[in-house]
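1. This is the structure alone, sequence omitted:
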């Protein structure tokens with residue numbers, strides 16, 4: 001199991017884009033590509049406060065995510081999908097912490113001219129305002145890890161419980177400044 005969880009972390013850290021599936025009020029699924037960062041097994045993404053995906057999550061926090069990349073060697077395919085729940089981050093410290101992680105993962109965002117962040121692109125700003133964007137924390141419940149290096153079509157399903165996330169959540173809830181989320 002430890003090997004599989006290490007592969008999950010390697011895949012999460014080795015990619016920068018994910019397909020995020022939410023449930024629309026009319027029952028149709030909606031999938032969008034978003035940039036993300038991870039803090040251990042927790043995934044985070046900034047979305048526009050007025051976006052359809054944010055409205056969908058307010059109604060139903062269940063999400064599906066797929067992360068992978070293309071390769072010209074079929075037996076090298078590795079990726080994952082997950083089922084989890086998305087929550088808006090209300091804690092200012094967590095918001096700023098993830099903002100710093102994002103700046104490290106996407107240093108090129110700092111070179112985008114400020115004017116480019118107008119007209120709804122505020123979520124891509126190096127330090128996005130919480131007035132314009134929502135930071136989503138996605139807590140996985142089930143991972144499906146695709147690893148064709150173990151054979152064509154090989155996948156493993158790994159159920160996650162709150163205890164699997166305790167280490168990462170603990171870092172957020174037991175901070176040096178005494179505040180908790």
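-> Thanks, I have it. The structure displayed is predicted, hence computed values, not measured ones. Numbering: from 1, shown residues only.

2. What segments of this protein are helices?
-> Secondary structure of the chain by DSSP state H: the helices cover 2-14, 52-59, 92-105, 162-173.

3. For the longest one, list every residue counted as buried.
-> When you say that, I think you mean helix 92-105. By 16 or more other Cβ atoms under 10 Å, the buried positions in helix 92-105 come out as 94, 95, 97, 98, 99, 102. Using the backbone N, CA and C atoms, a C-beta is placed for each residue, glycine as well.

4. Quick one, which of the helices of the chain gets closest to residue 72.
-> For the helices of the chain, proximity to residue 72 was assessed by Cβ to Cβ; helix 2-14 is nearest, at 17.4 Å.

5. The closest one relative to helix 92-105, how many degrees between them?
-> If you take axes from the mean of the first three to the mean of the last three Cα atoms, to 10 degrees, helix 2-14 sits at 80 degrees to helix 92-105.

6. packing partners for helix 2-14?
-> Applying 3 or more Cβ pairs under 8 Å, 6 or more residues apart in numbering; DSSP states H and E, one finds that helix 2-14 contacts strand 37-39, strand 78-88, strand 133-147, strand 155-159.

7. residues of that helix that come out buried?
-> In helix 2-14, counting by 16+ other Cβ under 10 Å, buried: 5, 7, 8, 11, 12.
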